[in-house]
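A.B. asks: Got a predicted model here, sequence first, then my questions.
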Amino acid sequence: MRNIGNVNELDLTTAKEEDVQGLEVGNVRVVYYTPATANLVSKISFGNIGSTVVIEEGIQIHRGNLTVDKNNLHRLQGVFVSGNLILKNNITEEEVSEQIETLSVGGDIICPTHLAAILQSKVSELTGNVKTYENQYRILEGKTKLTMPLVRSMAPDTALFVRGKFVMVDDLPDDLLREKIATLDIQGKVIMKEEYLPFFYETVDDPNTLKLEIIPEGYTFIEGALELNTHNIERFNGDKLYVADAITFAEDVTKEQVQQHIGGLQSEEAIVCPGSIQSEVYKLLSDVSTTVLTYEDELLLVTGNHLLTASELESRDNKVTIINFGVTELDSGVTSELLKEKVANVDNFGVIRTAGKEHGAIQAKLRTASGVVQEKKEDEESEEKGIGNVNYLKL
């Protein structure tokens with residue numbers, strides 16, 4: 001059995017039956033196949049498939065975005081664009097009518113308003129939508145933080161297309177934003193200060209489709225995780241903190257320090273604190289639905305990959321609370337008896353892998369079961385490992 005992790009794009013257009021025999025693939029965003037290779041899809045064991053696209057014989061796949069103007073409009077003939085198709089403003093309806101028979105696009109078509117109708121009539125395959133702009137456009141991919149230099153670099157009345165996380169927390173004058181940005185089209189999570197909401201709702205076409213995190217007025221945004229101990233908490237002077245990841249208080253932080261140095265708390269992930277200061281933390285929450293996790297003696301906080309060994313547990317003087325946001329694997333030496341003796345609670349938001357015999361002991365310690373506890377098969381070590389996650393895979 002061959003194993004492959006998650007795949008963004010799986011290309012089966014030239015695959016043969018022997019290429020997919022005994023193949024297990026995790027989650028796949030999109031699968032490309034031709035009419036001749038359609039039967040191979042059912043021969044692969046998938047986790048989940050986001051979508052499938054039939055590539056007709058003779059069509060080539062252009063991976064990623066493709067930008068065309070009047071001088072290279074012919075490039076769209078016989079091509080499937082896997083990303084976004086962007087058409088420049090110098091293209092006329094007549095040129096589209098004469099040079100394009102059909103359009104196949106795996107993302108959005110971004111075009112001048114005057115081309116929207118005729119391009120829509122040419123579409124044979126479109127995973128996204130037709131998005132328009134009037135004069136100027138800007139496309140930003142990946143994580144985008146809207147800063148003063150970025151806004152100033154834009155032409156007036158720019159249509160801004162963001163494909164990824166969008167962060168709007170810097171101090172930006174309202175008149176400058178309205179001068180530079182005519183429309184906002186976002187595909188991804190949005191984090192923004194409350195003061196920008198009027199501008200945001202006026203420029204975004206459908207804000208209700210977006211996952212929106214609002215930073216309340218008066219809060220300071222901190223990107224990433226925040227770990228507070230008895231020393232570094234003193235750098236704050238009644239500040240209200242909005243943290244993108246988890247906030248962790250060390251066991252040496254006192255109630256008095258929390259009262260003196262922190263004016264408000266909000267975390268997108270969770271707040272982890274000793275039970276001794278839990279009541280003070282709750283008083284500071286701007287959102288009562290925020291997850292607050294406590295520990296009494298010792299804490300093991302996992303955010304990446306961690307191998308939990310017997311020696312690590314045995315070396316602890318007190319019971320440990322395990323809070324897992326990543327992937328925790330139990331070493332073969334970790335027994336059910338050791339878990340019962342050394343672990344107080346487990347809050348699982350990620351993946352915990354057990355060898356099987358200690359599976360029940362971990363389940364019994366679960367205080368939060370928002371993640372997955374997987375039982376590793378006995379013969380898993382002897383199986384062919386295959387490969388991990390892949391962006392694009394052609395078989």
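C.D. replies: Looks like it came in fine. Numbers count the residues shown, from 1 in each chain.
A.B. asks: Need the contact partners of stretch 315-326.
C.D. replies: The contact list for stretch 315-326 (CB atoms under 8 Å, 6 or more residues apart in numbering) reads 246, 269-270, 272, 293-306, 308, 313, 328, 341-352, 365, 371. All C-beta spots, glycine's among them, are computed from the backbone N, C-alpha and C.
A.B. asks: mind listing which of those are in helices?
C.D. replies: When DSSP state H defines the helices, the subset of those inside them is 313, 341, 342, 365.
A.B. asks: Now residue 88: closest residue in space that isn't a chain neighbour?
C.D. replies: residue 69 (3.9 Å; CB to CB, 6 or more residues apart in numbering).
A.B. asks: meant to ask about residue 192, not that
C.D. replies: Leaving aside its chain neighbours, residue 192 sits nearest to residue 168 (3.9 Å; criterion: CB to CB, 6+ apart).
A.B. asks: What of residue 299?
C.D. replies: residue 321 (5.5 Å).
A.B. asks: Could you do residue 261 as well?
C.D. replies: Nearest non-adjacent residue to residue 261 (CB to CB, 6+ apart): residue 236, at 4.5 Å.
A.B. asks: check which helix or strand covers residue 24.
C.D. replies: For residue 24, the host element (DSSP states H and E) is strand 23-25.
A.B. asks: next structured bit after that strand?
C.D. replies: Using DSSP H and E, the first helix or strand after strand 23-25 is strand 28-33.
A.B. asks: So in that sheet, which strands flank that following strand, and in what orientation?
C.D. replies: Here strand 28-33 is paired, per DSSP bridges, with strand 7-11 (parallel), strand 49-54 (parallel).
A.B. asks: and it, how far from the chain's centre?
C.D. replies: How far strand 28-33 lies from its chain's middle: 19 Å, per CA atoms, centre = their mean, to the nearest Å.
A.B. asks: same check, this time on stretch 312-319
C.D. replies: The answer for stretch 312-319 is 35 Å, by CA atoms, centre = their mean.
A.B. asks: How about stretch 8-24?
C.D. replies: So, by CA atoms, centre = their mean, the centroid of stretch 8-24 is 26 Å from its chain's centroid.
A.B. asks: can you give me the end-to-end distance of that stretch?
C.D. replies: Start-to-end span of stretch 8-24 (CA to CA, to the nearest Å) is 15 Å.
A.B. asks: what do you get for stretch 236-252?
C.D. replies: Span of stretch 236-252 from end to end, CA to CA: 17 Å.
A.B. asks: related to what we said a few turns ago, of all the strands paired with strand 28-33, which one is nearest residue 132?
C.D. replies: strand 49-54 (23.6 Å; CB to CB).
A.B. asks: Next secondary structure after the closest one?
C.D. replies: Later in the chain than strand 49-54, the nearest helix or strand by DSSP H and E is strand 60-62.
A.B. asks: Outline the domain layout of this structure.
C.D. replies: Here the domain parsing of the chain from automatic domain parsing is 2-58, 60-133, 136-212, 220-295, 298-376.
A.B. asks: between the ones you listed, which gets the lowest average pLDDT?
C.D. replies: Among the domains of the chain, domain 2-58 carries the lowest mean pLDDT, at a mean of 82.
A.B. asks: Off-centre distance for that one?
C.D. replies: So, by CA atoms, centre = their mean, the centroid of domain 2-58 is 23 Å from its chain's centroid.
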